[in-house]
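A.B. asks: fold the following.
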Amino acid sequence: MTGPQAAAVLLNKAQRACDSARMLLEAGDVDGACNRAYFAMFDAARAALLIRDADGPFAEGKTHRGLIAAFGLSLVKPGLVSRELGKSLKRAEEIRLVADYRNESVTAQDAQVLIAESQVFVLAMRALCATE
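C.D. replies: Coordinates of the predicted model:
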C-alpha cells in the first residue's frame, strides 16, 4: 500500500474513532470515549506523517511518544501544523493515560472537550493530507 493509500485508510479509521467516542460518551462511558478520541488523533497524526515523509524514519512512529515527537518535529516545527494542534495531541495522550491506566476518571466535560478537539484535529490532518 502506498503512502497516500495508507493515509486514507488511517484517516477513515480516525473518523470512525471520533464517531465511536461520541457514541461512548452518550452511553456514559467517559473513559472509553477519551480512549477513542485519542486514537482518532493518533491515527490522523500517523496519516499526516505518512504523507509528509512516507519513507522517512518518522513515518510509522514505533511508540505513542515517538509518534507525538515526530509529529512535532516533522509537522509543527516547520509550520505545517499549528502549535495548538500539536499541544492538543499531547493533551489527548495525557487524558487517555488517566482514562486507561489510573485509578481515577476523566470528567464528562473534559471528555466533551477532547472529543471536539479530536474532530478538529482529524479534519485538519485530512486537509493537510489533501494538499501534500
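A.B. asks: residue 112 reaches residue 22, doesn't it?
C.D. replies: No: using C-beta atoms under 8 Å, residue 112 makes no contact with residue 22, being 9.4 Å away. To be clear about C-beta, it is placed using only N, CA and C from the backbone, and glycine gets the same treatment.
A.B. asks: overlap in contacts, the two.
C.D. replies: Where contact means C-beta atoms under 8 Å, 6 or more residues apart in numbering, no residue is in contact with each of residue 112 and residue 22.
A.B. asks: contacts only, for residue 48.
C.D. replies: With contacts defined as C-beta under 8 Å, 6+ apart, residue 48 is in contact with 7, 71, 75, 81, 125, 128-129.
A.B. asks: give me phi/psi at the residue with the largest distance to the centre of the chain?
C.D. replies: What lies farthest from the middle of the chain is residue 103; by C-alpha atoms, centre = their mean that is 23.6 Å. Per-residue torsions, residue 103: phi -90, psi 40 (degrees, to the nearest 10).
A.B. asks: report the buried residues of the helix or strand encompassing residue 24.
C.D. replies: In this structure, residue 24 sits in helix 3-26 according to DSSP states H and E. Within helix 3-26, the residues scored as buried using 16 or more other C-beta atoms under 10 Å are 3, 6-8, 10-11, 13-15, 17-18, 20-22, 24-25.
A.B. asks: what distance do you get for residue 92 to residue 40?
C.D. replies: As defined by C-beta to C-beta, to the nearest Å, residue 92 lies at a distance of 9 Å from residue 40.
A.B. asks: same check, this time on residue 96
C.D. replies: Taken as C-beta to C-beta, the span from residue 96 to residue 40 is 11 Å.
A.B. asks: for those two, indicate the residue with more neighbours.
C.D. replies: For residue 96 versus residue 40, the count of surrounding residues by other C-beta atoms under 10 Å is larger for residue 40: 29 against 22.
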